[in-house]
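*Asks:* I'll drop the sequence and a predicted model, then ask my questions.
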Protein chains: 2
Amino acid sequence: TLAAPAIAQTLPTLRWRLTSSYPKSLDTIYGAATLLSKYVGEATDGRFTIDVFAPGEIVPGLQALDAVQNRTVEVCQTALYYYIGKNPAFAPFTTLPFGLNARMQTAWLYHGGGNELQNAFLAKSNVIGFAGGNTGAQMGGWFRKEIKSVGDLKGLKMRIPGIAGQVLARLGLVPQNLAGGDIYPALEKGTIDAAEFVGPVDDEKLGFNRVAPFYYYPGWWEGGPTIHFVANLPAWNELPRPYQAAFEAASAYANSDMLAKYDARNPAALRRLVAGGAQLRPFPQEVMDAAYKENIALMAEISAKNPEFKTIYDSMLAFRNEEYLWWQVGEYPYDGYMIRARQKG
Amino acid sequence: TLAAPAIAQTLPTLRWRLTSSYPKSLDTIYGAATLLSKYVGEATDGRFTIDVFAPGEIVPGLQALDAVQNRTVEVCQTALYYYIGKNPAFAPFTTLPFGLNARMQTAWLYHGGGNELQNAFLAKSNVIGFAGGNTGAQMGGWFRKEIKSVGDLKGLKMRIPGIAGQVLARLGLVPQNLAGGDIYPALEKGTIDAAEFVGPVDDEKLGFNRVAPFYYYPGWWEGGPTIHFVANLPAWNELPRPYQAAFEAASAYANSDMLAKYDARNPAALRRLVAGGAQLRPFPQEVMDAAYKENIALMAEISAKNPEFKTIYDSMLAFRNEEYLWWQVGEYPYDGYMIRARQKG
């Protein structure tokens, strides 16, 4: 260790505002924004600070991206697939049905060409994105009645937004879009028949097990969705490199810390849900296969209309197919053995 | 954005040296050390630099921990399980046979009490550890002849160091410890009959497929080993908090970046190995079950003699059993469906 005399620094004091699409109650997600803020602030000795705001404090949750585009705030925490109304090409950077699991999604973004495609695409909206969290594989949602066949989906009103809703609509389901807080009363009254949200940790907070006991898996529409930090591009480019580096490292920390928190908390939440009446059910093979087929058809339709989507989707798809080649050798047999060993006791 | 006038800083200029246990040729691992160095240097505007050294440049690879303990260098990149000769309680922070997969290992360290146990234990050696990378599930190694039963392990000379070697010795195998570069000639000459190293990316570099074609999986002794950065504790405590924060965030980035690199590169490496003659084989169920049983017995023996090991092992074990409860619902069925869908084409 060579200690030199103190040197004068000329880095500016900067204060950014971050608006989150997620309420503080979803602390596993919201906590990733506060982790980013903490580490950026500490690493820069308090010279570059990021203040974190909940939805509604500056703009509503789903206007986070717009607020960053027009520099109302410098950065947001959001899921890019919320913005498929602007362009479906936002979606693959979060996740797609039958897409990548959490590790693969990070690997695609970091080392599979995903980040380059993402930021070339986002630059057109004047923003830049950073993977900042992942929930892991989500659950398939809560149903008031059991699903035994594809026919049981017909006419079913389910809270399921986005592309997954479009896939299920092709099987006769009627997708609904409700904010988190509105789901429970709608399920209780029977206004809707089913709802998906996230997984045990977050679902438990909303109490779905009391009104829609059948809890399905796997959540084939979200195998490992990335939550992003999205910054205004000119604001990002104005940052001194030390602040960019602190931000990049802290967002990568947030990216794996959120997943680690979900992984650490989901088992106990699942136990409590089952003790509280949740009945676990795998989706029938017939339902999985029908959804898989309709998803391929939907992706082809979107790709035919939208070359930008097609380029991104094709990259993700090629990466996925290669990853699962390796997974069936390296990871899956290991996990499979451990699951069976645990069951035997 | 509020830009204030430039302010004077009083943080010292510090230069640390990092000695790695891994050669530059294993660039997936070594690259995590250079990533740490890059991000710490950049985030601190070049005031806190970490110079990275390969094994032998300062000390040999397996003396990395000692060099940090006596402050020959301030930090190293190593695997804690190399030091089971000092105390087997080092091992669980890297991995144990039939232990945690990569995500679970990070979740245990970050949010399952692992880091607290680790650093209470390491403080007795005057050091502090940071998860700084993971290889993912490793392969079960290369064999000159097929393994069809537990009996086939008897008398087999295999390069497999550490606790896994002790487990296999209980089944009659004769474990050997050879450095990476010595494995190929020993296999070629038949001095040894089998060898494990890491997985496709690293194994390919050593050319094992040409001399021991049977490539087994899963690598039940390393489901998701953590590579650590280990710092001298007084040196760490002397760091200003901004430097500690930059180091913590950068090591977390390295932790997930290494895994992402392995995940992105393993599929193509596996394809090339198979094209080059590697024949993939799952370990027979009988071999897996016998190893599982002997591992439990060995862990019990070590626990009986070493209460420090027992405390750490019990924490890991309880975490593992809870995790696989969740995995069999959330992750495993998702991956399983995707693997089967890919096989169907």
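*Replies:* Received it, and whenever you're ready, just let me know what you need. Numbering: from 1, shown residues only, chains lettered A, B, ... in the order given.
*Asks:* same for the worst-scoring helix or strand of chain A on mean pLDDT, what does it pack against?
*Replies:* Lowest mean confidence among the helices and strands of chain A (mean pLDDT, DSSP states H and E): helix A:180-189, at a mean of 92. In this structure, helix A:180-189 packs against strand A:194-195, helix A:200-206, with contacts taken as 3 or more Cβ pairs under 8 Å, 6 or more residues apart in numbering or on different chains; DSSP states H and E. Where you see a C-beta, it was placed from the backbone N, CA and C, and this is true even at glycine.
*Asks:* I'd like the distance between A:Gly277 and A:Asn266.
*Replies:* 18 Å (Cβ to Cβ, to the nearest Å).
*Asks:* show me which of those two is the more surrounded one.
*Replies:* A:Asn266 (30 against 11; other Cβ atoms under 10 Å in any protein chain shown).
*Asks:* ok so that one is a helix residue?
*Replies:* Yes: counting by DSSP: H, G, I helix; E, B strand; the rest coil, A:Asn266 is part of a helix.
*Asks:* would you map the helices across chain A?
*Replies:* All helices of chain A, identified by DSSP state H, fall at A:27-43, A:64-69, A:102-111, A:114-123, A:162-169, A:180-189, A:200-206, A:233-238, A:241-275, A:285-305, A:307-327, A:332-344.
*Asks:* turn the ones you listed into CSV, including distance to B:Asn209.
*Replies:* CSV is the format used below for these (distance: least, Cβ to Cβ, whole Å):
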stretch, distance to B:Asn209
helix A:27-43, 42
helix A:64-69, 48
helix A:102-111, 24
helix A:114-123, 30
helix A:162-169, 41
helix A:180-189, 52
helix A:200-206, 43
helix A:233-238, 45
helix A:241-275, 33
helix A:285-305, 35
helix A:307-327, 16
helix A:332-344, 20
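*Asks:* so which of the ones you listed is the most surrounded?
*Replies:* helix A:102-111 (a mean of 26; mean count of other Cβ atoms under 10 Å in any protein chain shown).
*Asks:* what about that helix, near chain B?
*Replies:* Yes: applying Cβ under 8 Å from any Cβ of the partner chain, one finds helix A:102-111 touching chain B at A:102-104, A:106-111.
*Asks:* what residues are up against the most centrally placed residue in chain A?
*Replies:* In chain A, the centroid-proximal residue (Cα atoms, centre = their mean) is A:Pro225; its distance is 3.3 Å. Applying Cβ atoms under 8 Å, 6 or more residues apart in numbering or on different chains to A:Pro225 gives the contacts A:79, A:81, A:94-95, A:105, A:134-135, A:138.
*Asks:* any of those residues buried? List them.
*Replies:* Buried subset of the contacts of A:Pro225 (neighbour count, 16 or more other Cβ atoms under 10 Å in any protein chain shown): A:79, A:81, A:94-95, A:105, A:134-135, A:138.
*Asks:* so which of these comes closest to B:Gly162?
*Replies:* A:Asn134 (31.4 Å; Cβ to Cβ).
*Asks:* what distance do you get for that closest one to chain B?
*Replies:* 10 Å (Cβ to the nearest Cβ, to the nearest Å).
*Asks:* out of the helices and strands packed on helix A:180-189, nearest to chain B?
*Replies:* With Cβ to the nearest Cβ as the measure, helix A:200-206 is the member of those nearest chain B (7.4 Å).
*Asks:* which residues does that closest one contact?
*Replies:* A:25-26, A:28, A:139, A:142, A:180, A:183-184, A:197, A:209, A:215, A:262, A:265-267, A:269-270, A:272-273, B:326.
*Asks:* how far away from the center of its chain is it?
*Replies:* A distance of 15 Å separates the centroid of the chain from that of helix A:200-206, by Cα atoms, centre = their mean, to the nearest Å.
*Asks:* spatially nearest residue to A:Thr95 (excluding sequence neighbours)?
*Replies:* A:Pro225 (3.9 Å; Cβ to Cβ, 6 or more residues apart in numbering or on different chains).
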